[in-house]
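1. Any chance you can model this:
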Amino acid sequence: MKRPRKVSSTSDQCDASRMDSQTAAINSHARHKLIVKQSMRKKTQVYRFPCSKTTTIIFFVLISCVIIYIAMKVATDTPIPFISQVSHRMIPSSIELAPTWLSPIIHIVNTRFMQHQGNLTTLATARLNLFRTICLPSMLHQKNQNFLWIIKVDPFLDVQIMNELLRILHEDIDRFDASNIAGKSSNNFISMRERIFVIGSNTNFLTGHNLGAWRGGKESQEILSHSSSKILMPKCNRGCLNFLRRTRNLLAPQSGIRSGNIELLQKAKESEPYRIVLETRLDADDGLHSNFIEHIQNDALGKFGSLKMPPSSLDALKDLQGPNHLESYKWYYWCTESHLKWYPHGNGERGQLHGEKRSNFCVTPGLTIGFNVGTLVEHVPQYGHHELYQKLLGHNECKNTKVSKQEVDKGLVCLGFVKGFVGAVRSRTETSAGMADMQMVMERNGRSQQDLLWDVLRKSFGVLNDTVTETKTYFDQNKKEIARENLEGQCRGDHSCKVSSSIELNRIINS
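-> Now for the predicted structure:
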């Protein structure tokens with residue numbers, strides 16, 4: 001018997017249709033979510049290169065070596081070639097404007113203090129006394145203050161010695177600035193505190209050292225690499241940077257730029273292609289006459305082309321030099337002809353002074369090399385101070401035009417001596433690297449002659465009698481220990497390591 005067919009009502013049909021549509025919507029939404037989820041997985045999936053376990057190990061070893069190399073470079077404050085090297089053109093385009101440097105000359109005075117000998121505290125104290133007594137006052141008394149004084153110290157220098165060096169500098173400089181800032185223009189006046197830089201570095205340039213100078217940017221780049229505010233470090237997170245800084249401070253506690261205006265250094269670096277560049281050597285135990293900087297700069301302007309105002313471009317610089325530029329010098333050397341020598345173990349409470357004049361030999365204090373605009377460092381011959389005169393005798397490649405026979409017959413074309421005043425004072429003590437003339441203490445000078453020389457030292461170098469007496473006392477009391485430590489440090493780094501010096505130091509130790 002057939003079951004009667006159930007006839008659905010209109011309301012039942014509507015309910016069934018509604019349920020079917022809801023189910024379809026739910027299924028459609030679920031499919032959409034699945035598609036989106038799969039798409040996101042594809043986007044975020046990291047592609048893995050097929051490689052063997054050996055390749056992976058090699059890759060991680062290389063990465064580790066790079067990280068260690070960068071950490072060591074930063075720790076020792078040496079520029080990282082592939083990070084800090086900046087291309088530098090010697091002669092800029094004429095459309096480029098030079099930075100604000102108000103002088104036609106950039107004059108750098110280079111001094112080294114205890115490089116590679118930072119742990120020899122008795123020797124360091126002796127040299128610090130000489131620096132305070134002779135070197136520093138002679139620079140503060142320069143009539144022309146248009147120079148930057150770069151004092152490079154061993155990055156591992158004893159902390160107490162470094163603190164004392166900075167204290168002496170700051171006290172004397174502040175006293176000098178306070179007495180000289182009156183009446184100066186606040187816009188153009190640059191204090192001595194801004195001009196003197198103490199830098200923890202054992203890297204040197206020019207004769208006998210690394211190829212390069214302030215001309216060309218290598219020297220300024222190395223100096224600015226020690227700036228804590230502008231240290232060139234690899235890109236990494238904060239924890240990485242903190243680790244590198246702590247490592248650097250642990251390995252080289254005195255690294256960095258410890259005094260001076262870093263912005264002034266940066267301006268000098270940027271202005272270098274447009275300016276005459278002079279570099280003067282001054283050891284920490286020697287001094288320069290108060291007229292020295294002024295004399296060198298005036299002579300440089302005469303030889304390289306006089307500038308009435310700072311140029312803003314290379315074309316403007318050539319216009320200012322005029323036709324005489326064609327007859328000017330490309331480079332030039334200056335040496336001091338007359339100088340004083342101080343022997344602390346001589347007669348009298350201040351020791352003994354001796355005057356010397358040498359017209360055929362270049363002593364180290366005041367030895368200056370000048371670069372005209374456009375002259376490359378590679379174009380300038382470089383020799384040690386002891387052979388410079390002989391090597392440049394008859395040399396005429398320093399001028400832009402052919403040198404006349406009369407000039408060649410005179411002998412020196414590319415080197416000149418500072419004459420007319422006693423250019424420098426040299427300390428002849430157990431701290432000296434060369435130890436020359438230590439046996440000349442008994443030079444017979446009359447009392448009146450000694451008084452005259454001490455008067456020159458006081459008036460022309462700013463050296464005070466009281467500090468000379470204190471320094472002499474320290475040398476008398478620590479003579480053998482100073483000699484012993486100097487002997488120990490003679491052959492470190494790029495020091496002279498002379499056999500004659502070792503013989504003389506051993507004689508002092510065993511006397």
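2. Please pull out the lowest mean pLDDT helix or strand from this protein.
-> Scoring the helices and strands of the chain by mean pLDDT, DSSP states H and E places helix 81-84 at the bottom, with a mean of 39.
3. Val456: neighbouring residues, count only.
-> Residues near Val456, counting by other C-beta atoms under 10 Å, number 18. Yep, even glycine has a C-beta here, placed from its N, CA and C like the rest.
4. Surely it and Ala424 touch.
-> No: the criterion here is C-beta atoms under 8 Å, and Val456 misses it with Ala424 at 11.7 Å.
5. what's the overlap in contacts for those two?
-> Leu340 (C-beta atoms under 8 Å, 6 or more residues apart in numbering).
6. my read: Leu123 touches Arg492, true?
-> No: using C-beta under 8 Å as the test, Leu123 is too far from Arg492 to be in contact (11.3 Å).
7. which of the residues in the host helix or strand of Leu265 are buried?
-> Per DSSP states H and E: Leu265 is located in helix 262-271. Within helix 262-271, the residues that qualify as buried are 262, 265, 267-269, 271, counting by 16 or more other C-beta atoms under 10 Å.
8. wait, which of the residues you listed is closest to Ser220?
-> Using C-beta to C-beta, Lys269 is the member of the buried residues of helix 262-271 that lies nearest Ser220, at 3.8 Å.
9. contacting residues around that closest one?
-> Contacts of Lys269 (C-beta under 8 Å, 6+ apart): 217, 220-221, 224.
10. and the gap between it and Lys330?
-> Going from Lys269 to Lys330 by C-beta to C-beta, to the nearest Å gives 22 Å.
11. remind me which residues of the stretch 151-300 of the chain are low pLDDT?
-> 181-189, 208, 228-254 (pLDDT under 70).
12. any chance of the buried residues of helix 262-271 in TSV, with distance to Thr368 too?
-> Below are those laid out as TSV (distance: C-beta to C-beta, whole Å):
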residue	distance to Thr368
Ile262	25
Leu265	20
Lys267	22
Ala268	17
Lys269	20
Ser271	19
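13. May I ask which of the contacts of Lys269 has the most neighbours?
-> Going by other C-beta under 10 Å, Ser220 tops the contacts of Lys269 with 25 neighbours.
14. can you pull the contacts of it?
-> Counted by C-beta under 8 Å, 6+ apart, Ser220 has contacts 214, 265, 268-269, 272.
15. try Tyr329
-> Neighbours of Tyr329 in contact, by C-beta under 8 Å, 6+ apart: 303-304, 370, 372, 398-400, 414.
16. repeat for Pro365
-> 281-283, 286-288, 336, 339, 423-426.
17. now Arg258
-> So Arg258 contacts 162, 166, 197-200 (C-beta under 8 Å, 6+ apart).
18. just Phe475 next, same as before
-> Contacts of Phe475 were listed using C-beta under 8 Å, 6+ apart, and they are 126, 129, 344-345, 429-430, 482.
19. helix or strand for it, which one?
-> Per DSSP H and E: helix 465-477 holds Phe475.
20. Same check on Trp149?
-> Taking DSSP H and E as the definition, one finds Trp149 inside strand 148-153.
21. before we move on, the earlier item: turn the contacts of Pro365 into a markdown table, columns for distance to Val468 and secondary structure.
-> Converted to a markdown table, those look like this (distance: C-beta to C-beta, whole Å; DSSP: H, G, I helix; E, B strand; the rest coil):
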| residue | distance to Val468 | secondary structure |
| --- | --- | --- |
| Arg281 | 23 | strand |
| Leu282 | 19 | coil |
| Asp283 | 18 | coil |
| Asp286 | 14 | strand |
| Gly287 | 12 | strand |
| Leu288 | 17 | strand |
| Thr336 | 21 | strand |
| His339 | 17 | strand |
| Gly423 | 20 | coil |
| Ala424 | 16 | strand |
| Val425 | 11 | strand |
| Arg426 | 14 | strand |
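22. Ile134: which of those residues is nearest?
-> Among these, and counting by C-beta to C-beta, the member closest to Ile134 is Gly287, at 4.3 Å.
23. neighbours of the closest one, just the number please.
-> Count around Gly287 with other C-beta under 10 Å applied: 33.
24. Touching, it and Arg458? I think so.
-> No: counting by C-beta under 8 Å, Gly287 stays clear of Arg458, with 11.7 Å between them.
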